[in-house]
Structures are given as C-alpha cells and as structure tokens.
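Q: predicted model and sequence below, questions to follow.
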Amino acid sequence: MKSSTLLAALAGVLLISCFALPASASSGANTLDQFTWHQRVLLVFADTPQSAQLVSQRNVLEHARDVMSERDLVLVEVVGHSVKGASDSADALRQRYNEKAKDFARC
C-alpha cells in the first residue's frame, strides 16, 4: 500500500478528537510529560481489547508503521485499566484528557 494511501486511511480513522502531542521513546518507561519535544503521541482510549473500533484502529496503524516512524509518531493505548506505551496510569490519562470510560476514543 502506498504511503499516501496509508496516510489517507490513517487520517480518516483519526477524525474523532485527534491531536498530536510531543513525545519520546515508546518504551513505556516515560510519562507523557517526559516525551515533550521528541516525538508525537497518538493516544487511543478503549474500554476493552475487544472493542471493534480499537481492533479497526490497530489494523490501520499496523499498516502505517513505516509512515508513523517517518513522522516520529508513537502510539499510547489506554485499554481498560492498562496503559501500553507510557508509564502513566489509565485513570490519570483518562482524567487528564477528560475521557470517561466509554467504548472508544482517539486523541
């Protein structure tokens, strides 16, 4: 799939409350505040790993890995009470970005 096609697909999926946040390495050892000015973060919220929208988002992002890497974009997932990609707690991230427990949101 072409890079421009992947970007278009990614942009189409990310229409719901999307923003770019400066970030750093995605090892999960850093908090979002420690990421500032190094990379951008795509923050995805879902209640369960089985969320249809989360599964769809993951599929799009899987095909866009090279494009994301070129743009220094890191994924942080908040699924239920788990966080992948940062060391912040799920509750702290939900409160910080005003995301109530619901099916799915992208920021």
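A: Cool, got the structure. Residues are numbered from 1 along each chain as shown.

Q: would you mind writing the CA trace of the host helix or strand of Arg94 as CSV?
A: In the assignment (DSSP states H and E), Arg94 maps to helix 90-96. Output of helix 90-96 as CSV, limited to C-alpha atoms (Å, rounded to 0.1, in the frame of the first residue of the first chain):
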residue,chain,number,x,y,z
ALA,A,90,-5.0,4.7,32.9
ASP,A,91,-7.0,6.8,35.4
ALA,A,92,-4.6,9.7,35.3
LEU,A,93,-4.7,9.8,31.5
ARG,A,94,-8.5,9.5,31.3
GLN,A,95,-8.8,12.4,33.8
ARG,A,96,-6.1,14.5,32.1
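
Q: I'd like the mean pLDDT over that helix, please.
A: Averaging pLDDT along helix 90-96 gives 93.

Q: packing partners for that helix?
A: strand 39-46, strand 73-79, strand 82-84 (3 or more Cβ pairs under 8 Å, 6 or more residues apart in numbering; DSSP states H and E). The way it works is simple: take the backbone N, C-alpha and C, and place the C-beta from them, glycine included.

Q: who touches the second one?
A: So the one you mean is strand 73-79. For strand 73-79, the surrounding residues in contact (Cβ atoms under 8 Å, 6 or more residues apart in numbering) are 20, 23-26, 32, 35, 39-49, 51, 54, 61, 68, 83-86, 90, 93-94, 99.

Q: could you dump that strand to CSV, C-alpha only?
A: Taking Å, rounded to 0.1, in the frame of the first residue of the first chain, the C-alpha atoms of strand 73-79 are listed here in CSV:
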residue,chain,number,x,y,z
LEU,A,73,4.6,9.2,15.9
VAL,A,74,4.3,6.9,18.9
LEU,A,75,1.1,5.0,20.0
VAL,A,76,-0.1,5.0,23.6
GLU,A,77,-3.1,2.8,24.2
VAL,A,78,-5.3,3.1,27.3
VAL,A,79,-7.4,0.0,27.3
